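1. Compute the structure for the input listed below.
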Amino acid sequence: MKVAVIGTGYVGLVTGAGLADAGLEVTCVDIDEDRVTRLRQGEVPFYEPGLEDLVRRTTASKRLHFTSDLAAAVDGRAVVLLCVGTPSAPDGSADLSAVEKAARSVADAATGPLVLATKSTVPVGTAVRLRAIVATAKHQVLVASNPEFLKEGDAVNDFLKPERIIIGADDEEARTVLEHLYRPLLLREPRLFFMSTTSAELTKYAANGMLATRISFMNELAGLCEVVGASIDDVRRGISSDARIGKSFLYAGVGYGGSCFPKDVKALVHTGRAHGVPMSILEATDAANLRQRGVMLEKVVQHFDGAVAGKTIAVWGIAFKPRTDDIREAPAIPLIEGLLALGATVKAWDRAAVKNAKARFGDKVRFGDDEYAVCDGADALVVMTEWPEFRMPDWADIERRLRSKVVFDGRNIYEPAMLRGRGFTYIGIGRP
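-> So this is what the prediction gives:
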């Protein structure tokens, strides 16, 4: 089976390389000529563990190809997967302009019948809109929904060993084609879920909305714990032992970020409003997360009694989570922006995201050679991303480098008693 993948971002590139690794012939399309050239050379333009090796291997095997010529990529393909961006519009809705433009191009380029499936996260009703767009094609173009469920930082493993694959198809032919497409990934344990395109579109948003809600719920509980003197760690252990609740996404911190949760929550809220169905829980989830992303700045300001100007703050972690260089909606961004606005000097380090952070902040932020270097002369250390190397640092070295022994733990990865025993002032999230 020959497949075309439109878009070479996180979803498109992982999908294309993953399908090629499973033995299919895949052509990935991108309008960025420079990106296409780099991909042909085996250079992945973002950080995702394991992806560069996968791309190089499948490119060398001549099963994975890259082009900026959409018509050539679509020619003779049985399946075209749409993996283009759907950013938030000013009103919170998903901007579908790239999806619709790509669908028109596919319809114009089709040289035979094919299935056009959206992997991009799109709101309910998108399939209906796309069917109207492709109706002018000379050949039959069946529209389906095939939402992705990839975690940045573990996307390759998620694709090659999927928990589930959802196929939204309103006709048997599209369903059969997509079932055949994913058969190599499901030989041992079939985990295909078939449903309508509308249900599939909503399932993606529902999943991200549920996970985001758990995060915001725990962060609100953490704020209450700090006021009443309870421990969010104890509360988490107590409720996660309930099999009905489980352990996932129950860790308090500085809020969620990235390219999915923030925009998907807003988009689902917008969809509800458009259909006269208030999504009050998700509205609260979004509001709670916006508050939480500012909580670490509040803690720093409070600790220094508002006198942040002239202070030097070391920040460990800029990406919104480990194993990615993605700084979109990252909680570290409002922290750094707030500190700079208050007159502080910020020295930052991140294993993968320094390049993206430099593009955003330029010389406003000092970026060290490693995590220890940014501690030199700092009045406090703030941990915003739980990279593995931050979990057990050399505290004796850090003591010598810091001007004052203050640690703000935005991810609750340290043992408060241990640090306080070494003479540090320790401030975490939801910990007494």
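2. quick one, what contacts V354?
-> Counting by CB atoms under 8 Å, 6 or more residues apart in numbering, V354 makes contact with 318, 348, 367. All C-beta spots, glycine's among them, are computed from the backbone N, C-alpha and C.
3. Export the residues you listed to a markdown table and append columns for distance to A341, secondary structure and pLDDT.
-> Below are the contacts of V354 laid out as a markdown table (distance: CB to CB, whole Å; DSSP: H, G, I helix; E, B strand; the rest coil; pLDDT from 0 to 100):
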| residue | distance to A341 | secondary structure | pLDDT |
| --- | --- | --- | --- |
| I318 | 17 | coil | 98 |
| A348 | 16 | strand | 98 |
| F367 | 19 | strand | 98 |
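4. Which of these has the largest number of neighbours?
-> Neighbour tally across the contacts of V354 (other CB atoms under 10 Å): the maximum, 30 neighbours, falls on I318.
5. before we move on, back to that, quick one: the contacts of V354 as CSV, columns for distance to T27 too.
-> Listed next are the contacts of V354 as CSV, based on distance: CB to CB, whole Å:
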residue, distance to T27
I318, 34
A348, 39
F367, 38
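6. Name the SS class of the residue located most distally from the centre of the chain, please.
-> Centroid-distance maximum for the chain: K138 at 37.3 Å, with CA atoms, centre = their mean. Here K138 is recorded as coil under DSSP: H, G, I helix; E, B strand; the rest coil.
7. Spatially nearest residue to it, not counting backbone neighbours?
-> Take K138 and drop its neighbours on the chain: the residue closest to it by CB to CB, 6 or more residues apart in numbering is A110, 6.9 Å away.
8. In this structure that neighbour contacts H139, no?
-> Yes. Between A110 and H139 there is a contact under CB atoms under 8 Å: 4.7 Å.
9. Who has more neighbours out of those two?
-> Shown here are A110 and H139; by other CB under 10 Å, A110 has more neighbours (22 against 11).
10. Tell me how far the more buried one lies from V80.
-> 8 Å (CB to CB, to the nearest Å).
11. okay, and the common contacts of these two?
-> The contact sets of A110 and V80 overlap at V74 (CB under 8 Å, 6+ apart).
12. pretty sure G85 is touching T8, no?
-> No. Shown here, G85 and T8 do not form a contact pair, counting by CB under 8 Å, at 11.2 Å.
13. Now the terminal residues of stretch 312-322, how far apart.
-> Chord length of stretch 312-322, first to last residue, is 24 Å (CA to CA, to the nearest Å).
14. from the middle of its chain, how far away would that stretch be?
-> 17 Å (CA atoms, centre = their mean, to the nearest Å).
15. what does stretch 226-246 give?
-> With CA atoms, centre = their mean as the basis, stretch 226-246 stands 26 Å off its chain's centre.
16. any residues touching it, and which ones?
-> 218, 221-222, 224-225, 247, 250-252, 412, 429-432.
17. Return the per-residue confidence for E189.
-> pLDDT, the model's per-residue confidence, is 74 for E189.
18. neighbours around it, how many?
-> What E189 shows, counting by other CB under 10 Å, is a neighbour count of 8.
19. my hunch is that it is in a helix, does that hold up?
-> No. Counting by three-state DSSP, E189 is located in no helix; its state is coil.
20. Tell me how far it lies from V122.
-> 28 Å.
21. same thing with F304?
-> The separation that F304 has from V122, given CB to CB, amounts to 45 Å.
22. More neighbours: these two, which one.
-> A direct count of neighbours by other CB under 10 Å for F304 and V122 places V122 higher, at 25 against 19.
23. OK, contacts around L335?
-> With the criterion set at CB under 8 Å, 6+ apart, L335 makes contact with 254, 296-297, 300, 315, 382, 384.
24. Check the spacing between it and V300 real quick.
-> 8 Å.
25. Overlap of the contact sets of those two?
-> V382.
26. F408 and E298 touch, don't they?
-> No. Counting by CB under 8 Å, F408 does not reach E298; the two are 10.6 Å apart.
27. hang on, the earlier thing: wouldn't the residue farthest from the centre of the chain be in contact with A109 here?
-> No. Taking contacts as CB under 8 Å, K138 lies outside contact range of A109: 10.1 Å.
28. Which segments of the chain make up each domain?
-> 2-195, 204-292, 295-427 (automatic domain parsing).
29. What mean pLDDT does the second one get?
-> For domain 204-292, mean pLDDT is 97.
30. Just give me how far it sits from the chain centre.
-> Using CA atoms, centre = their mean, the offset of domain 204-292 from its chain centre is 15 Å.
31. can you offset everything so residue one is 28?
-> I'll keep to 28 as the first residue from here, and by that count the last item is domain 231-319.
32. end-to-end on that domain?
-> Its first and final residues considered, domain 231-319 spans 24 Å by CA to CA.
33. Can you report how many residues neighbour the residue nearest to D181 when sequence neighbours are not counted?
-> Closest residue to D181 apart from its sequence neighbours, by CB to CB, 6+ apart: R350 at 6.7 Å. Other residues near R350 come to 20 when the count uses other CB under 10 Å.
34. need the contact list for R350.
-> 74-76, 179-181, 379.
35. Can you show me the strands along the stretch 128-277 of the chain?
-> 141-145, 168-172, 192-195, 219-222 (DSSP state E, counting those that start in this stretch).
36. Now do the third one, average pLDDT.
-> Throughout strand 192-195, pLDDT has a mean value of 98.
37. and if you look at the last one?
-> Taken as a whole, strand 219-222 has a mean pLDDT of 96.
38. Sounds good, over and out.
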